[in-house]
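In: Starting from these lines, generate the structure:
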Amino acid sequence: MLHPYRCEICGETYVGGYPAERCPYCGAAGKNLLPAAEWINYGKIEMCEQSIEDCKKALELEMTNYAYYKCATAKAQTQVTQTIFKRFMKQEMEHAEVFSKALGFDLPEAPQVTCANEDVTNMEESNKHEQIAIKFYIEAANRAPEERIKQIFRSIAEVENEHLITLNMYK
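Out: Numbers count the residues shown, from 1 in each chain. Sure thing, here's the model as predicted:
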């Protein structure tokens with residue numbers, strides 16, 4: 001029997017016989033896929049100034065990473081790297097949407113970025129982007145007094161770490 005689930009992080013829906021191992025949209029761990037009836041729409045989150053600033057920085061990071069992966073997808077040299085970059089591009093956009101909703105902001109336009117014409121260079125640069133995001137998200141989670149903000153930063157840091165592992169496997 002199929003059941004509706006919603007991701008506790010991004011709010012996207014999934015229908016299946018059981019929760020997926022990962023959210024098919026934002027990449028969050030399957031433990032974040034709840035039966036739809038239990039899902040809570042947090043909307044804009046009341047947070048301290050530091051958490052607001054951290055979420056703004058995270059939104060900027062995610063939009064930049066989205067734009068970077070979009071560029072890398074367009075210039076990918078193989079189907080494998082194109083698939084990896086495209087999946088990461090979509091997940092970075094989901095992450096940006098999570099932060100924009102938490103802040104009560106409209107999603108900003110993606111910045112203009114450039115990338116290389118070679119996969120190996122784009123993989124190396126992607127690795128740097130992911131390391132910066134992971135480090136920042138862990139720091140932001142550790143200093144956030146709001147439990148929901150901690151949950152978001154920790155979950156997204158975990159997804160970014162999965163990106164890093166994937167990049168290291170294929171570089």
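
In: Show me the protein divided up by domain.
Out: 3-38, 49-170 (automatic domain parsing).

In: so how far is the last one off the chain centroid?
Out: The one in question is domain 49-170. 5 Å (Cα atoms, centre = their mean, to the nearest Å).

In: Residues in contact with stretch 163-171: which ones?
Out: 27, 80-81, 84, 88, 91, 120, 123-124, 126-127, 130-131, 134 (Cβ atoms under 8 Å, 6 or more residues apart in numbering). Every residue, glycine included, has its C-beta placed from N, CA and C.

In: Alpha carbons of the helix or strand hosting N168, in PDB - could you do that?
Out: Per DSSP states H and E, N168 falls inside helix 147-170. The C-alpha trace of helix 147-170 is given here as PDB (Å, rounded to 0.1, in the frame of the first residue of the first chain):
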ATOM      1  CA  GLU A 147      16.000  23.800  17.500                       C
ATOM      2  CA  ARG A 148      14.500  24.100  14.100                       C
ATOM      3  CA  ILE A 149      17.400  26.100  12.700                       C
ATOM      4  CA  LYS A 150      19.800  23.500  14.300                       C
ATOM      5  CA  GLN A 151      17.900  20.700  12.500                       C
ATOM      6  CA  ILE A 152      18.000  22.500   9.200                       C
ATOM      7  CA  PHE A 153      21.700  23.300   9.300                       C
ATOM      8  CA  ARG A 154      22.600  19.800  10.500                       C
ATOM      9  CA  SER A 155      20.500  18.000   7.900                       C
ATOM     10  CA  ILE A 156      21.800  20.200   5.000                       C
ATOM     11  CA  ALA A 157      25.400  19.800   6.200                       C
ATOM     12  CA  GLU A 158      24.800  16.000   6.000                       C
ATOM     13  CA  VAL A 159      23.600  16.300   2.400                       C
ATOM     14  CA  GLU A 160      26.500  18.500   1.500                       C
ATOM     15  CA  ASN A 161      28.800  15.900   3.000                       C
ATOM     16  CA  GLU A 162      27.200  13.300   0.800                       C
ATOM     17  CA  HIS A 163      27.900  15.600  -2.200                       C
ATOM     18  CA  LEU A 164      31.600  15.700  -1.100                       C
ATOM     19  CA  ILE A 165      31.800  11.900  -0.800                       C
ATOM     20  CA  THR A 166      30.200  11.500  -4.300                       C
ATOM     21  CA  LEU A 167      32.600  14.100  -5.800                       C
ATOM     22  CA  ASN A 168      35.600  12.300  -4.300                       C
ATOM     23  CA  MET A 169      34.500   9.000  -5.700                       C
ATOM     24  CA  TYR A 170      34.200  10.400  -9.300                       C
END
